[in-house]
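*Asks:* Provided below are the primary sequence and the corresponding predicted coordinates.
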Amino acid sequence: MTIHPDSTDSFPASSEEWRMFVAQSRKTQHDLLERIKELNCLYGISRLAQNREQPLGELLTGIADLIRASWQYPDIACASIRLGDTRHNSGNFVRTRWCQSSPVIIEAEECGAVEVCYLEERPDSDEGPFLREERSLIDAVADQVGRIVAQRRAEEQMRALSQELIMAQENERQRIARELHDHLAQDLSLARADLERIGCSLPEGGPWRAQTGVIAERIGTAIRSIRDLAYGLLPPGLTELGLVETVLAHCEDFSLRHGIAVDVFADGLGGVAFDFDTQINIYRLIQEALNNVRKHAKASHVTIRLLGSYPNLLVRIEDDGCGADMDRCLSQAGRTKRMGLWSMRERVKLLGGKISFRSKPGQGLHIRIETPLNRSSNEHA
């Protein structure tokens, strides 16, 4: 298509109109760039909030930096997010008289504010030196911050309740285990001994003596079952022998019972001082992983590795079973009441660590656990 110089449809008719056209084009371009910055700000906040592992304070500081870069004069802008008495500032924050703010509302209560300040004076606009669109943006940011904080607080409450549930479950297990081992099993052992003495006092070859022998054997079977149950609830020797030896004993017993070979490797744990909570939770994680292998994996071999790599303890559990679609399994864990996966994740959170599951159908399951590791003071001396 040819454009003719005298075409009045394509260009302004005069130089004045041309200048107005150029000025309007520049303003439109400037406004579009400002709107793009605002969209990038809101999108960036949503992206930052997706990282559930990032502490809330770091997240809010990152949001403050995003806000600062999204105002009309980013070179002289600074931002702060206040929650209660705590502030999370962009690196250059100074509160000045050129300030725009919006309250952070959580559950119908004002809990803080989002503030943007200019470090130097700028020409007046719709709200001091700030644009009308920046008022809409700061209100949207404050609303987004309120929802993020409310969600994080709800998650922290759920995590605390989950941890309390796990600890209550562990305490109850220990109580029941001691009751079974120290009272019921011992009482049955005494009853069995009394029955055997009564049997020995009866005539040789008589029917009552044979019957007491049968009853004594049944009591012995019940005693062994009770002790096995107590062992599962509270592994003996955990505090005396330590985590590695107790895991070895459990894996040997598991192999004998279920015909699944289990290899255990431990390295870098010399001089490591585990408290009881850490030991029992790591033990339970391995116990639950082996239970999943027995119930679901159709595996013939499991490898467990415990590696002390300061400042972390790494636990890797791998089997050669049928594998699974882990994304689907984890997403359906709550609905299908697969509490094993849920409890493993909650136990790792209780230790302040991370857990990952990697598997594909037909390729076994790989579990990787990483938790903080405390070394004894002797090793650092």
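*Replies:* It's in.
*Asks:* For Gly352, list the residues it contacts.
*Replies:* 371-372 (Cβ atoms under 8 Å, 6 or more residues apart in numbering). Placement of C-beta: from N, CA and C, glycine included.
*Asks:* swap in the one 4 residues further on?
*Replies:* Taking Cβ under 8 Å, 6+ apart as the criterion, Ser356 is in contact with 367-368.
*Asks:* what helix or strand is it on?
*Replies:* strand 354-359 (DSSP states H and E).
*Asks:* show me where the stretch 201-350 of the chain has strands.
*Replies:* Counting by DSSP state E, counting those that start in this stretch, one finds strands in the stretch 201-350 of the chain at the ranges 261-267, 301-309, 312-319.
*Asks:* Now tell me what touches the first one from outside.
*Replies:* Right, the one you point to is strand 261-267. The contact list for strand 261-267, computed with Cβ under 8 Å, 6+ apart, reads 244, 247-248, 251-252, 254-255, 290, 300-308.
*Asks:* next one: stretch 78-91
*Replies:* So stretch 78-91 is contacted by 57, 60-61, 63-65, 67-68, 92-95, 104, 111-117, 119, 145, 149 (Cβ under 8 Å, 6+ apart).
*Asks:* re the thing from before, just the buried residues of the strand holding Ser356, please?
*Replies:* For strand 354-359, burial by neighbour count (16 or more other Cβ atoms under 10 Å) applies to 355, 357, 359.
*Asks:* report the angle between the axes of it and strand 312-319?
*Replies:* Interaxial angle, strand 354-359 versus strand 312-319 (axes from the mean of the first three to the mean of the last three Cα atoms, to 10 degrees): 20 degrees.
*Asks:* Paired strands for the following helix or strand past strand 354-359, with orientation please.
*Replies:* Reading on from strand 354-359 to the C-terminus, the next helix or strand found by DSSP H and E is strand 365-372. Paired neighbours of strand 365-372 in the sheet (DSSP bridges): strand 312-319 (antiparallel), strand 354-359 (antiparallel).
*Asks:* State the mean pLDDT of the longest one.
*Replies:* Mean pLDDT, taken over the full extent of strand 312-319, equals 94.
*Asks:* Only the C-alpha atoms, please, for it, written as CSV.
*Replies:* Extracted in CSV, the C-alpha atoms of strand 312-319 (Å, rounded to 0.1, in the frame of the first residue of the first chain):
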residue,chain,number,x,y,z
ASN,A,312,22.2,-31.5,57.8
LEU,A,313,21.2,-35.1,58.3
LEU,A,314,20.3,-36.8,55.0
VAL,A,315,18.1,-39.9,54.9
ARG,A,316,17.5,-41.7,51.6
ILE,A,317,15.2,-44.6,51.3
GLU,A,318,15.0,-46.4,47.9
ASP,A,319,13.1,-49.6,46.9
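*Asks:* Could you give me the buried positions within it?
*Replies:* Neighbour-count burial for strand 312-319 flags 313-315, 317-319 (criterion: 16+ other Cβ under 10 Å).
*Asks:* Having no further points to raise, I will conclude here.
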